[in-house]
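Chemist: I would like to see how this sequence folds:
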Amino acid sequence: MESSQAQTVSPGPSITRLFGSFLRLGITAFGGPAMIAFMRKMAVTQRHWIDPESFQSGVGLCQTIPGATVMQMAAYIGLKIRGVRGALASYIGFCMPAFLLMMALSALYTYTGSLPAVVSVFSGLQAMIVSIVANATLSFGKTTLKTWKSVIIAMIAAGLFGVQANPVLILALAAFLGVFAKNKRPVAPPEVHSVKMARIPIALAFLLAATVAGFALLFFFHRDLFDLAAIMSRIDLIAFGGGFASVPLMFHEIVEVRSWMDGPTFLNGIALGQFTPGPIVITATFVGYLLKGPLGGLIATIAMFLPSFLILIGIAPWFDRLRQSPYFMRAIGGILCSFVGLLLTVTVNFALNVHWDFLHILLAAAVFVALLLNADILWVVLVGAGVSIFVL
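Modeler: Numbers count the residues shown, from 1 in each chain. Next up, the predicted model:
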């Protein structure tokens, strides 16, 4: 591991170079949070744009706030290097390959979704998605549920999600229970952030004003798109735990509550998300495209990523102070426990939308075992899709 004393941080790159660097990284961004290691290699080891301690502090911040961790980390690095403009450049650059590919795949899906080969692929991928989410539930549970109290919080949340209670109320209850769970884990010591705070409030105010203006235009001129944007933004605001937290909430809101899309079609969108680089929440692009065409795909994508981005910009300079509050950290712990319950509930819901037979069960079991053995998820999906064409 690099030593901050031995390493000299180089002058920050230009906005154009920052955008290009994260654009290239985004093209190969398969594996979700695994890409954080590649970001570290690029920004810390190779180009010395940021010191190791600041990078690790950023990882802690991005795991604590809502949104896709890998996307937030891209923005954090840009924020540390070039302020808010740098955060926008790295964030957009990293997301763009996934967005463009998902738009193309969504358009292709609308024309070929009924072809036999495509039906076979998605039939297999739906079974695979159940295993992928089940594996995420197990992995997330192992790192989150450390005490019997945390298990109880997760089970309460699972029950409430199962009866389709309001997600915001569930998270509020989980945070409340987390505060009184008396987690004895030590609070992280203060760390030094080099983010320039002077201009952040002005830039944040401008971004917030632009966001409000955009929502106002949609409200008055295209109410359907406003409703879509409002739902995606609300999901992003409460999606603690990364992409696998956002997708279940999206499924709950789009499929179960509003019936804008059936379960199998939504699972197909998740399957497409496995083929694209970047976070799995790019499924929002698929949902928006199928509901409202290309403009819907663009609006849904912006709405899904913008709130958590604004939270990162606003909270990064103050994160050290927040982490010193045991009540804040316990509340976050309770929220993370609730997402184990959410993932468990959604694993069951996803499974109910799959037409199970012996071959589908065998495929799902093989995927689950492969993921337990730490197989690369990209190869798991590609091999599973190939098997589906010839077997299912």
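Chemist: helix or strand with the lowest mean pLDDT in the chain?
Modeler: Least confident helix or strand of the chain, by mean pLDDT, DSSP states H and E, is helix 319-323 with a mean of 68.
Chemist: any idea which helix or strand comes after it?
Modeler: Next along the chain after helix 319-323, taking DSSP states H and E as the criterion, comes helix 326-352.
Chemist: distance from that next one to the middle of the chain?
Modeler: 14 Å (CA atoms, centre = their mean, to the nearest Å).
Chemist: got it, and stretch 371-390?
Modeler: Mean-position distance between stretch 371-390 and its chain equals 21 Å (CA atoms, centre = their mean).
Chemist: kindly report the same for stretch 130-137.
Modeler: 15 Å.
Chemist: ditto for stretch 216-236
Modeler: From the chain centre to the centre of stretch 216-236 is a distance of 20 Å (CA atoms, centre = their mean).
Chemist: go on, stretch 308-324?
Modeler: 18 Å.
Chemist: same question for stretch 69-77.
Modeler: With CA atoms, centre = their mean, you get 11 Å for stretch 69-77.
Chemist: please work out the average pLDDT along it.
Modeler: The pLDDT scores in stretch 69-77 average 90.
Chemist: what's stretch 101-116 in contact with?
Modeler: Applying CB atoms under 8 Å, 6 or more residues apart in numbering, the set of residues contacting stretch 101-116 from outside is 118-119, 122, 268-269, 272-273, 275-277, 282-283, 285-286, 289-290, 294, 297. C-beta here means a position set from N, CA and C on the backbone, and glycine is covered the same way.
Chemist: what segments of the stretch 51-200 of the chain are helices?
Modeler: Under the criterion DSSP state H, counting those that start in this stretch, helices of the stretch 51-200 of the chain are mapped to 52-64, 69-112, 116-144, 148-162, 167-179, 200-221.
Chemist: highest average neighbour count across those helices?
Modeler: When you average the neighbours per residue for each of the helices of the stretch 51-200 of the chain (mean count of other CB atoms under 10 Å), helix 69-112 leads with a mean of 23.
Chemist: okay, now the unreliable bits of the protein?
Modeler: 1-11, 28-34, 113-119, 182-199, 241-244, 274-275, 320-321, 323, 378, 392 (pLDDT under 70).
Chemist: same thing but at 50, please
Modeler: Along the chain, the parts satisfying pLDDT under 50 run over 1-6, 186-195, 197-198.
Chemist: can I get the helices of the stretch 51-200 of the chain in a markdown table with distance to Ser325?
Modeler: Formatted as a markdown table, these follow (distance: least, CB to CB, whole Å):
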| stretch | distance to Ser325 |
| --- | --- |
| helix 52-64 | 12 |
| helix 69-112 | 21 |
| helix 116-144 | 20 |
| helix 148-162 | 19 |
| helix 167-179 | 10 |
| helix 200-221 | 21 |
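Chemist: out of these, which comes closest to Leu362?
Modeler: helix 116-144 (9.1 Å; CB to CB).
Chemist: what angle separates that closest one from helix 148-162?
Modeler: 150 degrees (axes from the mean of the first three to the mean of the last three CA atoms, to 10 degrees).
Chemist: next, the angle from helix 116-144 to helix 326-352.
Modeler: Going by the same axes, to 10 degrees, helix 116-144 makes 150 degrees with helix 326-352.
Chemist: returning to that earlier point: which ones among the contacts of stretch 101-116 lie within helices?
Modeler: Judged by DSSP state H, the subset of the contacts of stretch 101-116 located in helices is 118-119, 122, 268-269, 272-273, 275, 283, 285-286, 289-290, 294, 297.
Chemist: measure Leu138 to Ile302 for me?
Modeler: For Leu138, the distance to Ile302 equals 33 Å [CB to CB, to the nearest Å].
Chemist: near Asp262, how many residues? Count them for me, please.
Modeler: Look at Asp262: counted by other CB atoms under 10 Å, it has 12 neighbours.
Chemist: picking that back up, report the buried members of the contacts of stretch 101-116.
Modeler: 118, 122, 268-269, 272-273, 275-277, 282-283, 285-286, 289-290, 297 (16 or more other CB atoms under 10 Å).
Chemist: in space, what's closest to Asn268 - neighbours in sequence excluded?
Modeler: Nearest residue to Asn268, sequence neighbours excluded (CB to CB, 6 or more residues apart in numbering): Phe122, at 4.7 Å.
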